[in-house]
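Trainee: model the following, please.
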Amino acid sequence: MKIVIDGMGGDNAPKSNVEGIVNAIKEYGVDIIVTGDKEILEKLEAAVLANKKADSEGAKKIAKLHKEWLMISLPNYNAQMHKGIAAMYVADERFTKYYDKNVEGCAALLSEAVKYWI
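Mentor: Predicted coordinates:
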């Protein structure tokens, strides 16, 4: 089964959406497509197409945007948690599919940028 969720939609979003997504994946093994911050995806795609590396200023800005998005979702945010989430984007093909849907390499760049800059 495949479920599409607006990660930023709803009265208690994004925290409740993120929690529900994680629980559904763990409990039911469903494929979930999360729509979210369009700006992060657009900047990732542009950076990959321009062959930007994780240590570039562009990647730094993307990692910062991702951090800001996560801080909305996770009130107990910390750098270690952020790096773990970003690592999951390449470790779990469902997340990789989401980030790489238009341009292959976006999940990897995000993961590497977070690891480098956060």
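
Trainee: so which bits of the biggest helix by length in the chain are buried?
Mentor: Selection of the longest helix in the chain by residue count, based on DSSP state H, yields helix 57-73. Buried residues in helix 57-73, defined by neighbour count with 16 or more other Cβ atoms under 10 Å: 58, 59, 62, 63, 65, 66, 67, 69, 70, 73. (Each C-beta comes from the backbone N, C-alpha and C, glycine too.)

Trainee: what distance separates the start and the end of stretch 83-97?
Mentor: Stretch 83-97 has an end-to-end distance of 19 Å (criterion: Cα to Cα, to the nearest Å).

Trainee: residues making contact with that stretch?
Mentor: Outside of stretch 83-97, the residues within contact range by Cβ atoms under 8 Å, 6 or more residues apart in numbering are 25, 31-33, 66, 70, 99, 107-108, 110-111, 113-115, 118.

Trainee: show me which of those residues is closest to residue 45.
Mentor: Within the set of the contacts of stretch 83-97, residue 99 lies nearest residue 45; the separation is 9.2 Å, counting by Cβ to Cβ.

Trainee: leaving out chain neighbours, which residue sits closest to that closest one?
Mentor: Using Cβ to Cβ, 6 or more residues apart in numbering and skipping the chain neighbours, the partner closest in space to residue 99 is residue 107 (3.8 Å).

Trainee: quickly find the element holding the one you found.
Mentor: Secondary-structure assignment from DSSP states H and E places residue 107 in helix 106-117.

Trainee: pretty sure residue 71 contacts residue 81?
Mentor: No - here residue 71 does not reach residue 81: they are 10.6 Å apart, not a contact under Cβ atoms under 8 Å.

Trainee: hmm, back to that, just the CA trace of the helix holding residue 107, in PDB.
Mentor: Taking C-alpha atoms only, helix 106-117 is exported to PDB below (Å, rounded to 0.1, in the frame of the first residue of the first chain):
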ATOM      1  CA  CYS A 106      19.200  14.700  -3.900                       C
ATOM      2  CA  ALA A 107      18.800  12.300  -0.900                       C
ATOM      3  CA  ALA A 108      22.500  11.700  -0.900                       C
ATOM      4  CA  LEU A 109      23.400  15.400  -1.100                       C
ATOM      5  CA  LEU A 110      21.000  16.300   1.700                       C
ATOM      6  CA  SER A 111      22.400  13.500   3.900                       C
ATOM      7  CA  GLU A 112      26.000  14.400   3.200                       C
ATOM      8  CA  ALA A 113      25.300  18.200   3.700                       C
ATOM      9  CA  VAL A 114      23.600  17.600   7.000                       C
ATOM     10  CA  LYS A 115      26.500  15.400   8.100                       C
ATOM     11  CA  TYR A 116      29.100  18.100   7.100                       C
ATOM     12  CA  TRP A 117      27.300  21.300   8.200                       C
END
